[in-house]
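Colleague: Provided below are the primary sequence and the corresponding predicted coordinates.
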Amino acid sequence: MYVRMYHRAHVNASVEECWGVFTEHERFKEWTSIDWKIDTPGKEERNGLGCVRYADSYAGSSEPAVELVNIWQPHRIYGYHFTSGIPVLRHQGVVRFWPLDNGGCEWVYDLRIEPTPEVLEEAPEFVTDSQAGFLFFMADIEAECERRAFDIDLPAMPLPVETPLDISAMGGN
Amino acid sequence: MEFPRRFFHRAKVNVPVSVAWDVFTDHERMGEYTDTVCRITRPGDTERNGLGCVRLLGVRENNLPDVEEVVNFWEPNKLFGYHVTSGAPISHHQGLIMFHDRGPHKSEWVYNMRLTALPEILEATPEFYDVFDEGFRQFMKNAECECERRGAEEDLFSPPAIPPLLSEQGGQLTT
């Protein structure tokens, strides 16, 4: 049983900025709960083709998640493949990028997985949970593209509620 | 610390960016299009609604404490940010709305809010984020509709009467 998860976004950020959001693996922890670390750098670029990244904690899994960058055409197409850590038999994620006339970017995220029969039997909610997590992740990516492209330095993380009202330390004019 | 949850929405509306800006930043008109009453308790430094403005929000007809927020990002027609300072069961918060001019009578806004609920709230109410998300989605619908309403040439309807805040009825503002 294949499951496809798909999202198309038009964002106010350049192709280059969006490409960076997807492919700078070690910056994921700035804007998601995933802390990717690089196990093996790519052949020609650290983040690029052949790069192996891993995360000790991923979607509640007890074992590290490991992925391989297997498609890499800068600012055009990026692909990654899970090699271990999640209960799937097959996996491929592909993201394609196009520039927009207004200076923004359109990207299309196309993810296909084949869950193991065991997980489908033991945790029938695996597919719906994965789809829900995918939608959260898409919101994270869109938001991070917008944040990086903005010409004012915006916080990626929320501020502590106890923050005193010192507006001299706040943004804006 | 619990990882913050993100609430995100993108809208393309048929109004100039200045109209969309007003929907979000004319705080005391919020009650015209939501069930939230908003009062300014401290005006902003250079503009009443602007940077440094402290606003108090309460939802009509519930018994939850009023929430206090401060405007901490303010670039007119471009960027509005606000930060919860008290009254909500959360430890961290930041709301940011980015505005983009898309030509005559067209604009886009991107609402990006992150917050972290208090651990004891999540323990007592595991569905806290889901309930919050439902309210957020409703607020986004309200904001989009209000943009379109204000952009229309006709006066589409009159706002309902606005009741006082809970704290103005003798309730307590939790600090």
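Modeller: Thanks, I have the structure now.
Colleague: and residue 120, what does it touch?
Modeller: No chain was given, so I picked chain A. By C-beta atoms under 8 Å, 6 or more residues apart in numbering or on different chains, A:L120 lies in contact with A:1, A:126-127. For every residue, glycine as well, the C-beta is placed using N, CA and C.
Colleague: and what of A:V127?
Modeller: A:3, A:115, A:120.
Colleague: same deal with A:G50?
Modeller: By C-beta under 8 Å, 6+ apart, the contact list for A:G50 reads A:40-43, A:68-69.
Colleague: repeat that for 10 Å
Modeller: By C-beta atoms under 10 Å, 6 or more residues apart in numbering or on different chains, the contact set of A:G50 is A:40-44, A:68-70, A:72.
Colleague: same check on B:S91?
Modeller: Residues near B:S91 by C-beta under 10 Å, 6+ apart: A:158, A:160-162, B:1-2, B:4, B:84, B:115-119, B:121.
Colleague: and the residue nearest the centre of the chain?
Modeller: No chain specified, so I'll use chain A. A:F22 (5.5 Å; C-alpha atoms, centre = their mean).
Colleague: please go with chain B instead
Modeller: Centre-most residue of chain B, counting by C-alpha atoms, centre = their mean: B:F24, 6.7 Å.
Colleague: which helices and strands does the host helix or strand of it pack with?
Modeller: Per DSSP states H and E: B:F24 is located in helix B:17-25. Where contact means 3 or more C-beta pairs under 10 Å, 6 or more residues apart in numbering or on different chains; DSSP states H and E, helix B:17-25 is packed against strand B:5-13, strand B:67-75, strand B:79-86, strand B:90-101, strand B:107-117, helix B:128-151.
Colleague: now do the buried residues in it.
Modeller: For helix B:17-25, burial by neighbour count (16 or more other C-beta atoms under 10 Å in any protein chain shown) applies to B:17, B:19-25.
Colleague: again with stretch A:73-92
Modeller: Buried residues in stretch A:73-92, counting neighbours by 16+ other C-beta under 10 Å, are found at A:75, A:78-80, A:82, A:85-86, A:88, A:91.
Colleague: then stretch B:58-68?
Modeller: Buried residues in stretch B:58-68 (16+ other C-beta under 10 Å): B:58-59, B:65-68.
Colleague: tell me where chain A has strands.
Modeller: Counting by DSSP state E, chain A has strands at residues A:3-11, A:37-40, A:52-55, A:65-73, A:77-84, A:88-99, A:105-115, A:159-160.
Colleague: can I get the ones you listed in JSON lines with mean pLDDT and distance to B:S91?
Modeller: Converted to JSON lines, the strands of chain A look like this (pLDDT from 0 to 100; distance: least, C-beta to C-beta, whole Å):
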{"stretch": "strand A:3-11", "mean pLDDT": "97", "distance to B:S91": "29"}
{"stretch": "strand A:37-40", "mean pLDDT": "98", "distance to B:S91": "27"}
{"stretch": "strand A:52-55", "mean pLDDT": "96", "distance to B:S91": "24"}
{"stretch": "strand A:65-73", "mean pLDDT": "97", "distance to B:S91": "28"}
{"stretch": "strand A:77-84", "mean pLDDT": "96", "distance to B:S91": "33"}
{"stretch": "strand A:88-99", "mean pLDDT": "96", "distance to B:S91": "33"}
{"stretch": "strand A:105-115", "mean pLDDT": "97", "distance to B:S91": "31"}
{"stretch": "strand A:159-160", "mean pLDDT": "90", "distance to B:S91": "7"}
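Colleague: if we can go back for a sec, residues touching the residue nearest to the centre of chain A, list them.
Modeller: A:F22 neighbours (C-beta under 10 Å, 6+ apart): A:28, A:47, A:78, A:80, A:93, A:95, A:97, A:107, A:109, A:141, A:144-145.
Colleague: now the angle from the helix holding B:F24 to helix B:128-151?
Modeller: 140 degrees (axes from the mean of the first three to the mean of the last three C-alpha atoms, to 10 degrees).
Colleague: name the helices or strands packed onto the very next helix or strand once past helix B:17-25?
Modeller: Sequence order places strand B:36-42 as the next helix or strand after helix B:17-25, per DSSP H and E. Under the contact criterion of 3+ C-beta pairs under 10 Å, 6+ apart, strand B:36-42 touches strand B:54-59, strand B:67-75, helix B:128-151.
Colleague: kind regards, and thank you for your time.
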